[in-house]
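[1] Generate coordinates for the sequence data below:
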Amino acid sequence: MSFFISDALAEGGAAAGAASMDGGLTSLLPLLLIFVLFYFMLIRPQSKRTKEHKNMVGALAKGDEVVTNGGLLGKVTNVGENFLSITIADGVEVKVQRQSVASLLPKGTMKGE
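    Below you'll find the model as predicted:
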């Protein structure tokens, strides 16, 4: 009699194993959904901003008006490979790294100050 019981338990165990495979796939679905949300809400916009900043820094030229990460407002007077010279007042020129430029301002912004 115990012979039939062990066969019955073995069959039920196989069916439970197949059902747990679907359960494992279903439990991964929320994790995949969270990753997709992170990609579209955090990773993609940040990489887009980084690319735009890199293009802006690469296109800086003499005469551009810029704001640095430190808050200095000035006009670019000399462009080097890694550094810029920026005039922030009459007779006051500072040298900053290209990457420290936060934004490019429209021409004539400094005249309004």
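
[2] backbone phi and psi for residue 60, please?
    Residue 60 adopts backbone torsions of phi -60, psi 140, taken as degrees, to the nearest 10.

[3] so where's the protein shaky on pLDDT?
    1-22, 112-113 (pLDDT under 70).

[4] Kindly recompute the last result at 90.
    Applying pLDDT under 90 to the chain flags the ranges 1-27, 107-113.

[5] Would you state the helices of it in chain order?
    Ranges of helices in the chain, per DSSP state H, are 2-38, 44-58.

[6] Only alpha carbons, please: show stretch 45-65 as CSV.
    Provided in CSV are the C-alpha atoms of stretch 45-65 (Å, rounded to 0.1, in the frame of the first residue of the first chain):
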residue,chain,number,x,y,z
PRO,A,45,17.4,61.9,-19.1
GLN,A,46,20.7,62.1,-17.2
SER,A,47,22.7,60.7,-20.1
LYS,A,48,20.9,63.2,-22.4
ARG,A,49,21.9,66.1,-20.1
THR,A,50,25.5,64.9,-20.0
LYS,A,51,25.6,64.7,-23.8
GLU,A,52,24.2,68.2,-24.2
HIS,A,53,26.7,69.6,-21.6
LYS,A,54,29.6,67.9,-23.4
ASN,A,55,28.5,69.4,-26.8
MET,A,56,28.0,72.9,-25.2
VAL,A,57,31.5,72.8,-23.6
GLY,A,58,33.0,71.6,-26.9
ALA,A,59,31.5,74.4,-28.8
LEU,A,60,32.6,77.3,-26.5
ALA,A,61,34.3,80.1,-28.4
LYS,A,62,35.9,83.5,-27.7
GLY,A,63,33.2,86.1,-26.9
ASP,A,64,30.7,83.6,-25.4
GLU,A,65,29.1,84.7,-22.1
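
[7] Could I get the buried residue list for it?
    The neighbour-count check on stretch 45-65 (16 or more other C-beta atoms under 10 Å) flags 56-57, 64-65 as buried. The way it works is simple: take the backbone N, C-alpha and C, and place the C-beta from them, glycine included.
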